[in-house]
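S.K.: I need the structure of the sequence given here:
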Amino acid sequence: MKKVIIIGAGPAGLTAAYELLSKSTEYDVTVYEKSDCFGGISRTVNYKGNRMDMGGHRFFSKVDEVNEWWEKMMPAQGAMPFDDVKLGRESTVKEGGPDPEKTDRVMLKRNRLSRIFFNHKFFDYPVSLKPETIKNMGLVTTAEVGFSYLKTLVYKRDEKSLEDFYINRFGKKLYSMFFENYTENLWGRHPSEISPEWGAQRVKGLSISAVLKDIFGRVFNSSNRQVETSLIDEFSYPKLGPGQLWELTASEVEKLGGTIVKNAEVIRLNKNGNLINSVTFIKDGNEFTENADIVISSMPVKDLVAGLNGVPEKYRIIADGLPYRDYMTVGVLVSKLSLENKTKIKTLGNIVPDNWVYVHDKSVKMGRFQIYNNWSPYMVKDVENTVWIGLEYFCNEGDSMWSMSDDDFAKLGIYEMVKMGLIASEKVVLDSHVERVKKAYPAYFDTYENMDELRDYLNTIDNLYCVGRNGQHRYNNIDHSMCTSFETVKNILSGRRDKSNIWNVNTEKEYHEEK
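M.R.: Numbering: from 1, shown residues only. Presented below is the predicted three-dimensional model:
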């Protein structure tokens, strides 16, 4: 049997392991995971019965193979979950599917709502200039937005940066309100320092002209749906959070004969010519070396290259300069939110119905907050009497924020919640919990412009396959990460040596948040 070593037990690594073992009996598969849990950034943290979705993950894909895989691993609900039943809300059910009140292995169907919080008011995400938006901005600001956009119709910037990209599509005024500060907060760089390629991936097909068409469509077409329902879409979501899917996948991998070693950090990949013949990892303070015929890596490219021997200096420089953004999140359990639900969407406790909210407030450091109650009622221990909020902050490993104690960081988050009007005072806070995530977001600046050269070099190592978000240094969604593993397994089983199909996943820059 051929020995396959997979680095990382996130979506890409576990998908590769499951696919290889379920499609062939010719491979001995071992997965090495640096941490003590599964799912990578898609993991779920269980704190005293309250669950945190690290980063927020909607399960939606245009790829049939992905949807079929999810359905096989976690069947779609055949009955409505607790909150939908209690509130009389509608949600899609699949005939013969499991009942979430009776089993955990089930995908819920949830409504999507994400908005922007700016000047203590809610705005649609993506931004739309409907009457409510105009009212929130005021006539003067709305006029400035309109004239600023008209200017872009006459004068287009040469798109050398993300700032140019946004201004060309939205005008300088709207850019300064809804893009500039948030982008700098997210990446730690001003948009003028970031490649326009990032914008092409995140807002494909969205421009103020599309927004204006939407306005006139609403004004002159009375048959349009209610505003609130036009802003939400249905997506799938594991009953107990995204980590549940990967915990189940890991279990299935082991049932198929695969081995998963947690708390095992791969530090070296030992290469002879154009083949990796062994991998060295640390576990419990000791070094071990395992022979390998095939290596599938979802570890950060930066760390992969650092652990490879015989890499030419030019490629080491590229890998070493690849940037990442880390983040910290604090889960805050409160007895009551101060935000008023002005939508027509019913919720338990009449809380605002958003899954997550983007914070565009220059007076705070918070980047986004999640409301876990709205992801799944089973994420919160007492969903009818408490609200479980996840406050997200973007930072760099080792900086002043990252180095804060958990208590100090929790105090910062709670202070900003009061400042923003999310809660009346710290007296409503019942508990809190802090988590840190390294290399959460591969970034598109610095040496990223030379990533194609590094990719071509890595492809010369015949038995190495790079998969997933960090494995390819590409901002993939879960389904994209899974597809890189689908393609990898197809190549291994067919004997295909050309890896372009693996790297070409998501090169069309589609992003499933676009609407």
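
S.K.: from here on, contacts and neighbour counts on C-alpha atoms
M.R.: OK.

S.K.: Confirm residue 447 sits in a helix?
M.R.: Yes - assessed with DSSP: H, G, I helix; E, B strand; the rest coil, residue 447 lies in a helix.

S.K.: Distance check, residue 490 against residue 328.
M.R.: Spatial separation of residue 490 from residue 328 under the definition Cα to Cα, to the nearest Å is 37 Å.

S.K.: between those two, which one's more packed in?
M.R.: Summary of the neighbour comparison: residue 490 and residue 328, criterion other Cα atoms under 10 Å, with residue 328 having more neighbours (24 against 16).

S.K.: what is that one paired to in the beta sheet?
M.R.: The residues paired with residue 328 through beta bridges, assigned by DSSP bridges, are residue 393, residue 436.

S.K.: does it really touch residue 433, like I thought?
M.R.: No - counting by Cα atoms under 8 Å, no contact exists between residue 328 and residue 433, whose distance comes to 10.8 Å.

S.K.: Around residue 422, count how many other residues there are.
M.R.: 16.

S.K.: pretty sure it contacts residue 340?
M.R.: No - proximity of residue 422 to residue 340 does not meet the contact threshold set by Cα under 8 Å, at 9.4 Å.

S.K.: Not counting residues beside it along the chain, what's closest to residue 435?
M.R.: For residue 435, the nearest residue in space outside its immediate sequence neighbours is residue 329; the separation is 5.4 Å by Cα to Cα, 6 or more residues apart in numbering.

S.K.: Please report the distance of the one you found from residue 233.
M.R.: Between residue 329 and residue 233 the distance, using Cα to Cα, works out to 26 Å.

S.K.: same question, residue 358
M.R.: Between residue 358 and residue 233 the distance, using Cα to Cα, works out to 18 Å.

S.K.: One more: residue 372?
M.R.: Separation of residue 372 from residue 233 (Cα to Cα) stands at 17 Å.

S.K.: who has more neighbours, the two?
M.R.: Ranked by neighbour count (other Cα under 10 Å), residue 372 and residue 233 place residue 372 first, with 26 against 13.

S.K.: which residues sit in contact with that one?
M.R.: Contact analysis of residue 372 by Cα atoms under 8 Å, 6 or more residues apart in numbering lists 51-53, 355, 379-380, 387-390.

S.K.: Report the helix or strand with the lowest average pLDDT across the chain.
M.R.: When the helices and strands of the chain are scored by mean pLDDT, DSSP states H and E, helix 227-230 comes last with a mean of 33.

S.K.: Could you point out the helix or strand that follows it?
M.R.: Read in the C-terminal direction, the helix or strand following helix 227-230 is strand 234-238, with elements assigned using DSSP states H and E.

S.K.: Contacts made by that following strand with the rest, please.
M.R.: Judged by Cα under 8 Å, 6+ apart, the contacts made with strand 234-238 from elsewhere in the structure are 57-60, 74, 76, 105-112, 244-245, 375-376.

S.K.: among the residues you listed, which are in helices?
M.R.: Judged by DSSP state H, helices contain the following of these: 244-245, 375.

S.K.: Tell me which stretches of the stretch 351-500 of the chain form helices.
M.R.: Taking DSSP state H, counting those that start in this stretch as the criterion, the stretch 351-500 of the chain carries its helices at 372-375, 406-420, 451-458, 468-472, 478-494, 500-503.

S.K.: If you count neighbours, what's buried in the third one?
M.R.: Translated: helix 451-458. 451, 454-455, 458 (16 or more other Cα atoms under 10 Å).

S.K.: Low-confidence bits of this structure, can you list those?
M.R.: Within the chain, the set of residues satisfying pLDDT under 70 comprises 126, 128-129, 199-232, 508-515.

S.K.: For the helix or strand where residue 84 lies, could you pull out the residues that count as buried?
M.R.: Per DSSP H and E, residue 84 falls inside helix 82-87. Residues of helix 82-87 classed as buried: 83-84 (neighbour count, 16+ other Cα under 10 Å).

S.K.: ok, residues contacting it?
M.R.: By Cα under 8 Å, 6+ apart, the residues outside helix 82-87 that reach it are 90-91, 100-101, 346-348, 377.

S.K.: can you pull the contacts of residue 481?
M.R.: Contacts for residue 481 were tallied using Cα under 8 Å, 6+ apart; they are 11-12, 467-469.

S.K.: And for stretch 340-351, what's in contact with it?
M.R.: The set of residues that contact stretch 340-351 without belonging to it, under Cα under 8 Å, 6+ apart, is 83, 87, 89, 228, 337, 339, 352-353, 374, 383-385.

S.K.: out of those residues, which are buried?
M.R.: By neighbour count, with 16+ other Cα under 10 Å, the contacts of stretch 340-351 hold 83, 337, 339, 352-353, 374, 383 as buried.

S.K.: Can you pick out the most distant pair from the residues you listed?
M.R.: Largest separation among the buried ones among the contacts of stretch 340-351 by Cα to Cα: 83 and 339, giving 19.7 Å.
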